[in-house]
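[1] What would the 3D arrangement of this be:
(4 chains)
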Protein chains: 2
Amino acid sequence: MEYPQLKLDNQICHRLYMASNRIIRDYREPLIKLDLTYPQYIVMMALWEKDGITIAELLEKTSIDGGAMTQILKKMTDKSLLSIVKDEDDKRRKVIKLEPHGDELRHQAASIPDKIKCSFSQMTDQEAQQLIELLDKVNQES
Amino acid sequence: MEYPQLKLDNQICHRLYMASNRIIRDYREPLIKLDLTYPQYIVMMALWEKDGITIAELLEKTSIDGGAMTQILKKMTDKSLLSIVKDEDDKRRKVIKLEPHGDELRHQAASIPDKIKCSFSQMTDQEAQQLIELLDKVNQES
DNA sequence: TGAATATACTTTGTATGCAAATTAATTTTG
DNA sequence: CAAAATTAATTTGCATACAAAGTATATTCA
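    Have a look, this model is predicted:
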């Protein structure tokens, strides 16, 4: 082959792309019951960890695109999961607050991580830990 | 914390999601010069490896969504990268053929993998190999 | 052989991801 | 202090990812 570096099988990136798409697809079924998409679920996890943060903090924690976040938060507001409050100290900012429905959803969500584990069933716990560490290196700013 | 399994930091999936998005974003700059998006680049790599395959084979090789593939191939046809030919043996099928422009693009693409390596600069070659193997396990059907 | 299935692909509608432009408010500077 | 620069969000336009429905062609099977 003229350019072996162009073989799909040699691309880490293509594997990342497939793996990410696959896992998000696997989340669909458990999340549909909570009426959440995967990015919305990420937002919920961030808020369950720390409620009342600004949109900027939410973007930082989730790595979701800013333009997308506006739309996502709008939809989540429509579903009474959260509310968007203007920050009186700095009127550029908006603070996100969990609504009761959003707060309680965590109990139903608690079983999701276990359901997803079958996506990693080919992997030992040690390998999963290794994968986490390697992905952290990819995610490091360089 | 009430449900530690819901912590974002504990999610392999979130790391995969971030890593995949990041790498695709890194590809944007080199690919924009070839007037290709990342999925379009994947299609090109598949065709550079084996020209004249059906759409079904292309879907299999690339893991791109079928519905998206129709649109992607349409755009690539408009850019004279390839042509879509009806298979006379089985009229349900369509065969994808590289056009001269698409074929020649491989020479310009040959330098891209090296440019992307900086995305993995925190990682040794051995770690990259390890990552590939772990991702292959995630991508295995279970 | 004709109806039921299955296969290959397309279409549609919703939800992002991303870059770039825009708006509003705050901070920095000259 | 006022203009310039910066920051926080939103908006816009394009390109997927995905599920589900639809279309056309082939195959299977009663």
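[2] Angles on the backbone of the closest residue to residue A:97 other than its chain neighbours, please.
    Sequence neighbours aside, residue A:83 is the residue nearest to residue A:97 in space, at 5.1 Å (criterion: C-beta to C-beta, 6 or more residues apart in numbering or on different chains). Placement of C-beta: from N, CA and C, glycine included. Torsion angles at residue A:83 (phi, psi; degrees, to the nearest 10) stand at phi -130, psi 150.
[3] Does residue A:83 touch residue A:74 like I think?
    No. Using C-beta atoms under 8 Å as the test, residue A:83 is too far from residue A:74 to be in contact (11.4 Å).
[4] more crowded one of those two?
    Shown here are residue A:83 and residue A:74; by other C-beta atoms under 10 Å in any protein chain shown, residue A:83 has more neighbours (15 against 10).
[5] circling back: residues in contact with the residue nearest to residue A:97?
    A:77, A:96-97, A:99 (C-beta atoms under 8 Å, 6 or more residues apart in numbering or on different chains).
[6] Can you select the buried ones among those for me in ChimeraX?
    Filtering the contacts of residue A:83 down to the buried ones (16 or more other C-beta atoms under 10 Å in any protein chain shown) takes a single ChimeraX command:
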select /A:96
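[7] Go through the contacts of residue A:83 and flag which are in strands.
    A:96-97 (DSSP state E).
[8] just how off-centre is stretch A:111-123 within its chain?
    16 Å (C-alpha atoms, centre = their mean, to the nearest Å).
[9] so where's chain A shaky on pLDDT?
    A:142 (pLDDT under 70).
[10] from it, which residue is nearest to DNA strand C?
    residue A:67 (3.0 Å; C-beta to the nearest atom of the strand).
[11] What are the buried residues along the helix or strand hosting that residue?
    Assigned by DSSP states H and E, residue A:67 belongs to helix A:66-78. Within helix A:66-78, the residues that count as buried by 16+ other C-beta under 10 Å are A:69, A:72-73, A:76.
[12] Can you say which of the residues you listed are also within reach of DNA strand D?
    When contact is defined as C-beta under 7 Å from any atom of the strand, the buried residues of helix A:66-78 meet DNA strand D at A:69, A:73.
[13] nearest residue to the most centrally placed residue in chain A other than its sequence neighbours?
    In chain A, the centroid-proximal residue (C-alpha atoms, centre = their mean) is residue A:42; its distance is 3.2 Å. Here the nearest residue to residue A:42 in space, its sequence neighbours aside, is residue A:62; by C-beta to C-beta, 6+ apart that works out to 4.9 Å.
[14] Pick out the most distant pair among the buried residues of helix A:66-78.
    A:69 and A:76 (10.1 Å; C-beta to C-beta).
[15] list the residues that contact both of those two?
    Common contacts of residue A:69 and residue A:76, defined by C-beta under 8 Å, 6+ apart, comprise residue A:43.
[16] all helices for chain A, in order.
    A:12-32, A:38-49, A:55-62, A:66-78, A:100-109, A:112-116, A:125-139 (DSSP state H).
[17] wait, does the shortest one contact chain B?
    Yes. Using C-beta under 8 Å from any C-beta of the partner chain, we find that helix A:112-116 touches chain B at A:113-114, A:116.
[18] Give me the buried entries from those residues.
    The buried subset of the residues of helix A:112-116 next to chain B (16+ other C-beta under 10 Å) comprises A:113, A:116.
[19] Would you agree residue A:19 is in contact with residue B:137?
    No. The pair residue A:19 / residue B:137 is not scored as a contact, 9.3 Å apart, by C-beta under 8 Å.
[20] which of the two has more neighbours?
    The neighbour count for residue A:19 versus residue B:137, taken as other C-beta under 10 Å, is higher for residue A:19 (26 against 17).
[21] Find the nearest non-adjacent residue to whichever residue of chain A sits closest to chain B, please.
    Per C-beta to the nearest C-beta, residue A:20 is where chain A lies closest to chain B, at 3.5 Å. Nearest in space to residue A:20, with sequence neighbours left out and distances taken as C-beta to C-beta, 6+ apart, is residue B:20 at 3.5 Å.
[22] Distance to residue A:1 added to the residues of helix A:112-116 next to chain B, as CSV?
    Shown next, in CSV, are the residues of helix A:112-116 next to chain B (distance: C-beta to C-beta, whole Å):
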residue, distance to residue A:1
A:113, 42
A:114, 43
A:116, 37
